[in-house]
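K.L.:
quick one: sequence and predicted model below, then my questions.
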Amino acid sequence: MTIKFSGLTKTLAAIAGFIVIAPMLALLMKVSWLNYFSNLGDLRAVWLSMWTSFLAVVIALALGTPLAWVLAKSKSRFLHIIRPLILAPIVLPPTVAGMALIALLGRNGLLGHFIYKSTSFSIPFTPLAVIIALIFVGLPFVVLICESNFRQLPKDVEDAALIDRAMPTHLFRLIALPQSRSAIATAGILAWARAIGEFGATLMFAGSLPGSTQTWTMLIYQELDIDQSAAYSLSALMLVLSIFVVFIARKPLRNSLR
């Protein structure tokens, strides 16, 4: 059955599409494609963002998926208080997120003080600080999506497994995880998208040291004042990469929303 749309619906849909697509097309049109590769320049910041964001997502999935399972299945009232705190970084301003990380892991932070005192190692302004910042902003997306999916798992399957005396670990590993593959993949994609585009928290906690902690987004911001052609080229590369990731992940994205 073919659905017929009203003129108003089509108009609103066209406006919405224009708002999203037009800026991206304008960005691509501003790129000097003849000098594209020479405009990219030093790609150390790109490489840093790539490996730190992927590592951060792997860690976020490894930690966030079990946490989401606990939040979804536990009846503890304490977890009802913890849940908003875990999800808070999703809406937390980046500068506040950076300040929170400094308060905990800075040289004079609650934990950072003891780490620095015992090892003489200061976490801020190191690649480790970049990874920690990306985990902090990406992990809540993993928890939010995976918890929602775990709550929608068929109850009869879980009950049958428990009747068969399945251990809680087996229930999570052999039933919950296989049935939540699409949701977990979606969570990883969104966490990576958040991590690769992170700016404020990383800038405050890790700084922008070329070749050490300067990420892709920081380099774009720097080049905007120095060389706009380079800024457009680097932005276009990130745009194309983001579209490619969404394209190859469109199936798990659709499945997770069913």
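P.N.:
Structure received.
K.L.:
please make it C-alpha for all contacts and neighbour counts, starting now.
P.N.:
OK.
K.L.:
tell me the centre residue of the chain?
P.N.:
Taking C-alpha atoms, centre = their mean, the centroid of the chain lies closest to Ala191, which sits 2.2 Å from it.
K.L.:
which stretches of the protein have low pLDDT?
P.N.:
Within the chain, the stretches with pLDDT under 70 are 1-2, 155-170, 249-258.
K.L.:
biggest helix in it by residues?
P.N.:
Counting residues, the longest helix in the chain under DSSP state H turns out to be helix 44-73.
K.L.:
next secondary structure element downstream of that helix?
P.N.:
helix 77-87 (DSSP states H and E).
K.L.:
tell me what angle that following helix forms with helix 44-73.
P.N.:
If you take axes from the mean of the first three to the mean of the last three C-alpha atoms, to 10 degrees, helix 77-87 sits at 160 degrees to helix 44-73.
K.L.:
send the alpha carbons of helix 77-87 over as CSV?
P.N.:
Provided in CSV are the C-alpha atoms of helix 77-87 (Å, rounded to 0.1, in the frame of the first residue of the first chain):
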residue,chain,number,x,y,z
ARG,A,77,17.0,1.2,44.5
PHE,A,78,20.6,2.4,44.7
LEU,A,79,21.0,1.9,40.9
HIS,A,80,18.0,4.2,40.3
ILE,A,81,20.1,6.9,41.8
ILE,A,82,23.3,5.9,40.0
ARG,A,83,21.6,5.7,36.5
PRO,A,84,21.1,9.5,36.0
LEU,A,85,24.7,10.1,37.1
ILE,A,86,26.0,7.6,34.5
LEU,A,87,23.9,9.2,31.7
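K.L.:
I'd like the numbering to begin with 5 instead of 1 from here.
P.N.:
New numbering, starting at 5: the last item is helix 81-91.
K.L.:
contacting residues around Arg111?
P.N.:
By C-alpha atoms under 8 Å, 6 or more residues apart in numbering, the contact set of Arg111 is 117, 120, 126-128.
K.L.:
want to throw those residues into TSV with neighbour count and secondary structure?
P.N.:
As requested, these are exported to TSV (neighbours: other C-alpha atoms under 10 Å; DSSP: H, G, I helix; E, B strand; the rest coil):
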residue	neighbour count	secondary structure
His117	18	helix
Tyr120	17	helix
Ser126	18	coil
Ile127	20	coil
Pro128	23	coil
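K.L.:
for the residues you listed, which one is nearest Trp73?
P.N.:
Ile127 (30.4 Å; C-alpha to C-alpha).
K.L.:
that closest one contacts Ala133, correct?
P.N.:
Yes: counting by C-alpha atoms under 8 Å, Ile127 touches Ala133, with 5.7 Å between them.
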